[in-house]
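Participant: Kindly generate the corresponding structure for this input.
(one chain, ligands or ions: 1)
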Amino acid sequence: MRVEDLDFRVDSGVYAPAEDSFLLIDAIDLNRDDVFLDVGCGAGLLTLGAAGIARRVVATDISLKAARNTLRNLKRNGLEHPCSVMQSDLLGSIPPAALFSVIAFNPPYLPYDGTTTQMDHAFVGGAKGTELTEHFIQQAVRHLQRGGSIFVVSSSLASIKDLKNVMVKCGLRIEVVESLPIFFEKIQVLKGIQH
Ligand SMILES: C[S@@+](CC[C@H](N)C(=O)[O-])C[C@H]1O[C@@H](n2cnc3c(N)ncnc32)[C@H](O)[C@@H]1O
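Facilitator: Residues are numbered from 1 along each chain as shown. Got it, this is the predicted structure:
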């Protein structure tokens with residue numbers, strides 16, 4: 001499914017898909033046997049893309065506005081059938097026994113710079129930028145099928161080294177699958193493969 005063909009709308013207060021969203025979409029190669037979890041779904045672009053391919057799709061966001069926006073976008077495009085959307089802090093509302101073959105998160109990945117805005121939930125990932133993503137990795141590995149993959153976006157402005165250390169400690173082999181310089185930072189998509 002091509003993004004241009006979707007009736008896709010972004011509600012106020014919800015992250016509008018940007019370079020990082022598209023980089024993550026490019027990095028993930030789903031097939032029809034996959035069970036996919038989109039953490040921090042925002043307006044749901046990744047979820048909608050996966051809904052046309054994967055066997056089952058679950059989308060979560062800590063923001064109720066974002067979860068509702070994703071559900072409305074799914075319905076607008078008749079793609080709600082293989083999907084569940086829920087408000088959740090990371091994977092906190094996912095049933096303990098649920099397993100996924102692919103889990104993705106385009107997280108808030110910037111370090112806190114001392115200022116506060118209403119969109120911090122979409123941009124700021126902690127003092128060094130990676131804290132939230134590190135928590136995500138620790139939770140996500142418990143919901144990964146054998147041989148499954150986790151995809152996360154990170155920035156050169158954040159502490160990618162710490163994030164990689166957590167991924168390795170969690171038993172993941174890391175590949176940098178996409179990389180893009182934008183303005184003063186380079187964003188990367190890290191793939192963690194369970195082995
Ligand atoms: C950079 S936006 C990405 C949105 C969308 N996935 C995309 O790529 O366009 C980050 C998203 O993560 C969500 N988020 C932030 N903290 C979260 C948490 N603790 N649990 C789940 N989602 C979270 C935000 O509300 C926001 O929608």
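Participant: Now do the strands in this structure.
Facilitator: Per DSSP state E, the chain carries strands over the ranges 35-39, 56-61, 83-87, 100-105, 110-111, 124-126, 144-155, 172-182, 185-194.
Participant: Return the residues in contact with F151.
Facilitator: For F151, the contacting residues are 24, 27-28, 102-105, 177, 189-192, by CB atoms under 8 Å, 6 or more residues apart in numbering. For every residue, glycine as well, the C-beta is placed using N, CA and C.
Participant: residues near the residue lying closest to H195 once chain neighbours are set aside, how many?
Facilitator: Nearest-residue entry for H195: R173, 5.1 Å, with adjacent residues in sequence omitted and distances by CB to CB, 6 or more residues apart in numbering. A count of neighbours around R173, defined by other CB atoms under 10 Å, yields 12.
Participant: Kindly state the pLDDT recorded for R173?
Facilitator: R173 is assigned 97 on the pLDDT scale.
Participant: Who are the contact partners of it?
Facilitator: Each residue near R173 by CB under 8 Å, 6+ apart is listed here: 192-195.
Participant: and the ligand, which of the strands of the chain is closest to it?
Facilitator: strand 56-61 (4.6 Å; CB to the nearest ligand atom).
Participant: Off-centre distance for that closest one?
Facilitator: What separates the centre of strand 56-61 from the centre of its chain is 10 Å, taken as CA atoms, centre = their mean, to the nearest Å.
Participant: just the residues of the chain that are near the ligand, which are they?
Facilitator: Neighbours of the ligand within the chain, by CB under 6 Å from any ligand atom: 15, 17, 21, 39-42, 45-46, 60-63, 66, 89-90, 106-108, 121-122, 132.
Participant: Now with 8 Å, please.
Facilitator: Within the chain, the residues that sit near the ligand (CB under 8 Å from any ligand atom) are 14-18, 20-21, 24, 38-46, 60-63, 66, 88-90, 92, 104-109, 121-123, 132, 135-136, 153.
Participant: how far away is the closest residue to N31 other than its chain neighbours from Q145?
Facilitator: Spatially, and ignoring its direct neighbours in sequence, N31 is nearest to I53 (6.9 Å; CB to CB, 6+ apart). Using CB to CB, to the nearest Å, I53 is found at 17 Å from Q145.
Participant: Tell me where the model's unsure across this protein.
Facilitator: 1-2 (pLDDT under 70).
Participant: What residue in it is the furthest from its centre?
Facilitator: Largest separation from the mean C-alpha position in the chain: G114, at 24.9 Å (CA atoms, centre = their mean).
Participant: picking that back up, save the strands of the chain as JSON lines, and put in distance to D162 too.
Facilitator: Output for those, formatted as JSON lines (distance: least, CB to CB, whole Å):
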{"stretch": "strand 35-39", "distance to D162": "19"}
{"stretch": "strand 56-61", "distance to D162": "24"}
{"stretch": "strand 83-87", "distance to D162": "28"}
{"stretch": "strand 100-105", "distance to D162": "16"}
{"stretch": "strand 110-111", "distance to D162": "11"}
{"stretch": "strand 124-126", "distance to D162": "10"}
{"stretch": "strand 144-155", "distance to D162": "10"}
{"stretch": "strand 172-182", "distance to D162": "13"}
{"stretch": "strand 185-194", "distance to D162": "12"}
